[in-house]
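**Student:** Next one to model:
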Amino acid sequence: MSQYQEVDAGQYDDDYQYNRNSQGFEQQSATNVKNHIKLVEDLVATAQAQLQDYKREYEALKQQLSQLRSKIEVINEETGNTTRPTLTSMLKNLKLAISAQKEENGSLQNQITVLKKEKSQIQQLILASHQKLAKLEEQVGSYN
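**Tutor:** Here you go, the predicted model:
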């Protein structure tokens with residue numbers, strides 16, 4: 001055999017086609033990989049932008065929450081400062097009214113006790129009067 005062998009012309013065309021297709025595939029694969037990398041980079045950039053937006057929104061909401069808490073604390077303090085004197089006065093008046101009511105109740109209890117004694121005395125007088133009347137009727141009846 002010689003250094004140069006005869007090559008079938010059809011096989012040469014097939015090899016050439018294969019090499020050409022292979023190079024095209026490699027170029028296409030490289031292009032697809034580059035496109036895929038570009039797509040992934042775009043997705044990462046979009047995700048990072050969204051993350052930054054979320055972080056800004058989070059900080060804004062955190063600041064709003066802090067402001068609302070401050071407002072609520074101020075309102076609570078103002079409410080306490082405005083209602084405390086009124087409540088203190090009302091409590092003082094209530095204690096005075098309770099004390100006055102207790103005194104009145106004690107006085108009324110004493111009056112009831114006195115009235116019960118008087119009632120008992122009157123009942124005894126009435127009973128004594130009935131007994132005297134019965135004796136008188138007996139005496140008057142004996143004169144009849």
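
**Student:** and the strand or helix carrying residue 140, average pLDDT?
**Tutor:** Using DSSP states H and E, residue 140 maps to helix 9-143. For helix 9-143, mean pLDDT is 88.

**Student:** by contact count, what packs against that helix?
**Tutor:** Under the contact criterion of 3 or more C-beta pairs under 8 Å, 6 or more residues apart in numbering; DSSP states H and E, helix 9-143 touches no helix or strand at all. Backbone N, C-alpha and C define where each C-beta goes, glycine included.

**Student:** I'd like the distance from that helix to the chain centre, please.
**Tutor:** 5 Å (C-alpha atoms, centre = their mean, to the nearest Å).

**Student:** Which positions in stretch 51-61 come out as buried?
**Tutor:** Within stretch 51-61, no residue counts as buried by 16 or more other C-beta atoms under 10 Å.

**Student:** Restricting to C-alpha, output it in PDB.
**Tutor:** Below are the C-alpha coordinates for stretch 51-61, written out as PDB (Å, rounded to 0.1, in the frame of the first residue of the first chain):
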ATOM      1  CA  LEU A  51     -35.000  41.900  45.300                       C
ATOM      2  CA  GLN A  52     -33.900  45.500  45.500                       C
ATOM      3  CA  ASP A  53     -37.500  46.600  44.900                       C
ATOM      4  CA  TYR A  54     -38.700  44.300  47.700                       C
ATOM      5  CA  LYS A  55     -35.900  45.600  50.000                       C
ATOM      6  CA  ARG A  56     -37.000  49.200  49.300                       C
ATOM      7  CA  GLU A  57     -40.600  48.300  49.800                       C
ATOM      8  CA  TYR A  58     -39.700  46.500  53.100                       C
ATOM      9  CA  GLU A  59     -37.800  49.500  54.400                       C
ATOM     10  CA  ALA A  60     -40.600  51.800  53.400                       C
ATOM     11  CA  LEU A  61     -43.100  49.600  55.200                       C
END
